[in-house]
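Q: Need a 3D model of the following:
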Amino acid sequence: MLPAVCALISVFVAATSAHACAVPRPFFSELFDADVIVRGNFRDFEVLEPGQEARVTLEILETLKGSVQQGPLSFNWTRSGLADQWRGPNDVIVALMRSNPDNRENYEIMRGCRVWGIYRTDKDKELVMEIITRSAR
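A: I've put the predicted structure just below:
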């Protein structure tokens, strides 16, 4: 009986996971939905839950969409398989959503199927700017 129950639970879990990404969104599509998109330099990467969640602090250099304070900005990043330290580029573009609609200063990195939320400024800035311009129309 126990193996049958375990098999049934795994089918439901697999179906739920598959359904969440049944129609994966294209890369960069979160830029249309982001509340704020900023370019900044990494200042801090604090692991909150190993492999799952970190608190990131950027020194904001430029706001590309929305409005946010200049200077340091901290936000959460939740993602499966998240590294325990930042090994990416220092100058990045980040798509953020408000984690609490009532508090305009609490943000988290956009997430979802095939969503990265952090892009290299040197490689992706022109494409990001084009997408932001199109989403404003």
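Q: alpha carbons only for contacts and neighbour counts from here, please
A: Will do.
Q: and stretch 72-88, which residues are buried?
A: By neighbour count on 16 or more other C-alpha atoms under 10 Å, the buried set for stretch 72-88 is 73-79, 82, 84.
Q: Just give me how far that stretch sits from the chain centre.
A: 9 Å (C-alpha atoms, centre = their mean, to the nearest Å).
Q: Show me which helix or strand of the chain is least confident by mean pLDDT.
A: helix 2-20 (a mean of 41; mean pLDDT, DSSP states H and E).
Q: What residues of whatever helix or strand comes next after that one count as buried?
A: Where DSSP states H and E defines the elements, the next helix or strand beyond helix 2-20 is helix 30-33. Under the neighbour-count criterion of 16+ other C-alpha under 10 Å, helix 30-33 has 30-32 buried.
Q: So which elements touch the helix or strand just after helix 30-33?
A: Helices and strands here follow DSSP H and E; after helix 30-33, the next one along the chain is strand 36-49. For strand 36-49, the packing partners by 3 or more C-alpha pairs under 8 Å, 6 or more residues apart in numbering; DSSP states H and E come out as strand 53-65, strand 91-98.
Q: Give me whichever of those strands is most buried.
A: Across the helices and strands packed on strand 36-49, the average number of neighbours (mean count of other C-alpha atoms under 10 Å) peaks for strand 91-98, which reaches a mean of 23.
Q: Centre of the chain to the helix or strand that comes right after it, how far?
A: Counting by DSSP H and E, the next helix or strand C-terminal to strand 91-98 is strand 107-109. When C-alpha coordinates are averaged (C-alpha atoms, centre = their mean), strand 107-109 and its chain have centres 7 Å apart.
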